[in-house]
Each structure stands twice: as structure tokens, then as C-alpha cells.
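sequence plus the predicted model coming up.
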Amino acid sequence: MSHHKRRIAAVCAAGSLALTAALAVPASAAILTYTQLATSAAAGTNTRAVTTADLNGDGNQDVVAVNLDGNSVTVLLGNGDGTFATGTGYPVGTRPYQATVGDFNGDGHPDIATADFGGATVSVLLGNGDGSFASAGTLAVGAAPRSLATGDLNADGNTDLVVAEQETGLVRVLLGNGDGTFTTGTTAAVPTPHGVVVADFNGDGSPDVATASVGSGGVSVLLGDGTGGLATAVGYAGAGRLYSIAAGDFNGDGTLDLAAVSNGSDTLDVLLGNGDGTFGAATAYPAPALPVAVSAADLDGDGNTDILVSSLNGNSVTLFQGAAGGTVSQLTELTATGAYDAAATDLNGDGTKDIAVANSSANRVDIFTASAG
Ligand SMILES: [Ca+2]
Ligand SMILES: [Ca+2]
Ligand SMILES: [Ca+2]
Ligand SMILES: [Ca+2]
């Protein structure tokens, strides 16, 4: 079947379940319509998070689903049309909350690490390159690791991990040894971190860290020194109960900004970056009830990073877009039952980013394909 016909078939298969929403975007940007595929990908118990990458090197994006109560991740290999082969589950530590993908042993194949909230561990799964994984065991970290992110913090060419530990109030750098093992490096105090993102906020070429506080600590920014060290955290006031944080250039000025979601105030908080590692005060935008995750991607290809907010009680993924000047506006809201996390990537190879949603209430990943016009 031609690629074009596959795409049409996928849309038609959605039938009466199809949920579409046209995006009101500037004339310069592509108009995107999202259609939920009738077929979802089964994952494990209480699917809380999704991350995407091409895990088997076939050019199709794949999904790692994190199953909080399954104590596992489910690897879903993409067929290239928005559907997935039957998932394979891999045990990880107790109550994994989030996963990240990176090449931890330098063999060119993507690997997986999870933050195991209940077990105070980070689990590492090494990719075989064919989409299968072998456990490389777990590393003990501090209590209640909620999230983690990758970066080469000490510039040795080995991918490192930064872990947000809610109960210890630390971010912990795990320095990669290049063989899939890690050595604990710097730890730095931040208030009750729940979400973490690693990116270069001051443009010096060294990865920096930002965290979101599930208490009342707002957003903390820690600049990396390029040797694995982190400067003392600089705090920015924000809403309480921030669960998740993402970085992107929302206003198109070439510097990275931050977005965090609060399920205490049902808001999306946006902090515009000044490019030197400092940020402006948070601006709060309303979000549907109980937003629990935020991610960033340029959905419409206009050069401004867009924002995806997953709202558990809103049963939705809300898409926001930024603009020059820094104002963020809602594009559309996708009905997405049990939404706990969303990731945008091109799942069907048509050049537009589709959206994979962790459906925590149905133990599966729901797929929304985007099409122009
Ligand atoms: Ca693939
Ligand atoms: Ca690898
Ligand atoms: Ca490193
Ligand atoms: Ca930096």
C-alpha cells in the first residue's frame, strides 16, 4: 500500500471515534487537524508517561510507555503509520514515574532510563538496536525520584542523567561512564523537585538544569559549569504543585523559555528566558483541570515552540502556541481520556508531528495523527 493510501486508511479507521479540531493559527503557519486513531497501543498498569525515539533504527518513531503500577515500561515499536506492533514489557524499579532515552553505552543504539519513584532507584535498559532491551540493573538514588533527563554535563562525550528527587530536595547528576553504568556526581538543593529539564539556557554550550517544585518552590534554574558541576539554584516564584517542566523557544527570539504546569492552580506557567540563564517572572495561563504534564514541540512548523499540556481531570491535551512578544495562546484542546503525558513526533512519516498520549485510566497509549489543512 502506498504511503498516501495508508494514511487515508488510518483516518477512515477512526470512524465515529474520530475527534478533530481545527487550529486557529496565523496565516503563515500550517493549519493542523488532529484525528484520534481508533486503535490504541496497549501498555501496562497505570500508564503515566510517554517518550518517543526510533529505538530499532528503522526510521519509524517508537514509544516508551511508563507504567507506574506495572513497575515496568512498555516498548511500542512504530509501524510508520501511527500504529504499533504489540508492545513488549520490561520490568524496572518500583513505581516508575518517567523515562528518558539516550545512548548510555555509546554503541549507537538508544537506551532507556527510568525514575523509579517508589523504589528510590534509576533503572537502565540497554538497547540491542533491534527494539529489544536488556536490563543493566538499577542505581540507588535519593528518595522519591520523580523525573530525569539526559545531557553531557561534564563534556566527556558520555551521556549523563539528571534526576529530580522530590523527598530529598535534590537534583542528582549521574555521570555516565560510557558503558551503561553511572557514577554519582554533583547533587544540588532545590525545593521539592517533581519535574526536571536539561537544556543550555545561557548559550555557553554547557547543559543547564531547571526543576519544577511540587511544593511552593516555583521554578529553580541551575547553570552547569561544563565539568559536571551546577551553580546554586536560582528560584523563580510560580504556582504551587508544579508537576512538570519543559523548555522551548516559545516567543521565537532564539533563547530558551520554560513552561511548567500546576495542578494546584490549574495553570500553565510560562517564564521567558533572557538568554543569559535568567528568566522573567512567570505568567500564568488557565489550563483544564488537574494539569499533570507539559511537553514542548514545534507542532505547526512556524519556528516557535508550541506547548502540550496533559490534564488528568480535564481528560484532555491542550495545545498552546507562543508568539513574538511572548504571549501564549491556546490553539485547541484534544479530548484525551486519562491523559497523564503527551509527546509530539512524526509517527506516520508525513512530515507533521503527531501526538502520543499516556492514557492512565485505560493502560494504553492513544495516538492523535496530525494532518495539514
Ligand atoms: Ca522505529
Ligand atoms: Ca546504547
Ligand atoms: Ca558526560
Ligand atoms: Ca549553559
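Nice, I can see it. Residues are numbered from 1 along each chain as shown. Ligands and ions are numbered 1, 2, ... in the order given.

distance between the ends of stretch 281-294?
18 Å (CA to CA, to the nearest Å).

which parts of the stretch 51-200 of the chain sit against ligand 3?
Residues of the stretch 51-200 of the chain found near ligand 3 (CB under 5 Å from the ion) are Asp152, Asn154, Asp156, Asn158, Asp160. Where C-beta positions appear, they are placed from N, C-alpha and C, glycine not excepted.

number of nearby residues for the second one?
Taking other CB atoms under 10 Å as the criterion, the count of residues near Asn154 is 21.

next one: Gly273
26.

ok, Ala287 next?
The burial count for Ala287: 26, using other CB under 10 Å.

was I right to think it contacts Val261?
Yes. At 6.3 Å, Ala287 counts as touching Val261 under the criterion of CB atoms under 8 Å.

for Thr181, give its distance to ligand 4.
As defined by CB to the ion, to the nearest Å, Thr181 lies at a distance of 26 Å from ligand 4.

same question, Val73
Between Val73 and ligand 4 the computed distance is 30 Å (CB to the ion).

give me the element that residue is part of.
For Val73, the host element (DSSP states H and E) is strand 72-76.

close to ligand 1, is whichever helix or strand comes after that strand?
Sequence-wise, the next helix or strand downstream of strand 72-76 (DSSP H and E) is strand 88-91. No. Strand 88-91 does not reach ligand 1 (CB under 5 Å from the ion); its nearest approach is 13.0 Å.

going forward can the numbers begin at 18, since that is how I track them
Fine by me, first position is 18 from now on; the one you just mentioned is strand 105-108.

skipping adjacent residues, who's closest to Ile372 in space?
Spatial nearest neighbour of Ile372, excluding adjacent residues (CB to CB, 6 or more residues apart in numbering): Phe385 at 4.4 Å.

that neighbour belongs to a helix?
No. Counting by DSSP: H, G, I helix; E, B strand; the rest coil, Phe385 is not part of a helix but strand.

tell me the contacts of it?
Contact analysis of Phe385 by CB atoms under 8 Å, 6 or more residues apart in numbering lists Leu36, Tyr51, Thr52, Gln53, Leu54, Val334, Leu351, Ala353, Asp371, Ile372, Val374.

just the buried subset of these, please.
With neighbours counted by 16 or more other CB atoms under 10 Å, the contacts of Phe385 contain buried members at Tyr51, Thr52, Gln53, Leu54, Val334, Leu351, Ala353, Asp371, Ile372, Val374.

run through the residues of the stretch 18-167 of the chain sitting next to ligand 2.
Asp120, Asn122, Asp124, His126, Asp128.

verify the stated contact: the second one with Phe199.
It stands for Asn122. No. Counting by CB under 8 Å, Phe199 is not a contact partner of Asn122; they are 10.8 Å apart.

which one's more surrounded, those two?
With neighbours defined as other CB under 10 Å, Asn122 and Phe199 compare such that Phe199 has more, 24 against 20.

for the closest residue to the more buried one other than its chain neighbours, give me its contacts.
Counting by CB to CB, 6+ apart, Phe199 lies nearest to Leu191, which is 3.9 Å off, once chain neighbours are set aside. Leu191 is in contact with Val139, Leu156, Val158, Asp177, Leu178, Val179, Val180, Phe199, Thr200, Thr201, Gly202, counting by CB under 8 Å, 6+ apart.

excluding its backbone neighbours, what's nearest the residue in the stretch 118-267 of the chain that ligand 1 sits nearest to?
Residue nearest to ligand 1 within the stretch 118-267 of the chain: Gly148 (6.6 Å; CB to the ion). Closest residue to Gly148 apart from its sequence neighbours, by CB to CB, 6+ apart: Asn73 at 3.4 Å.
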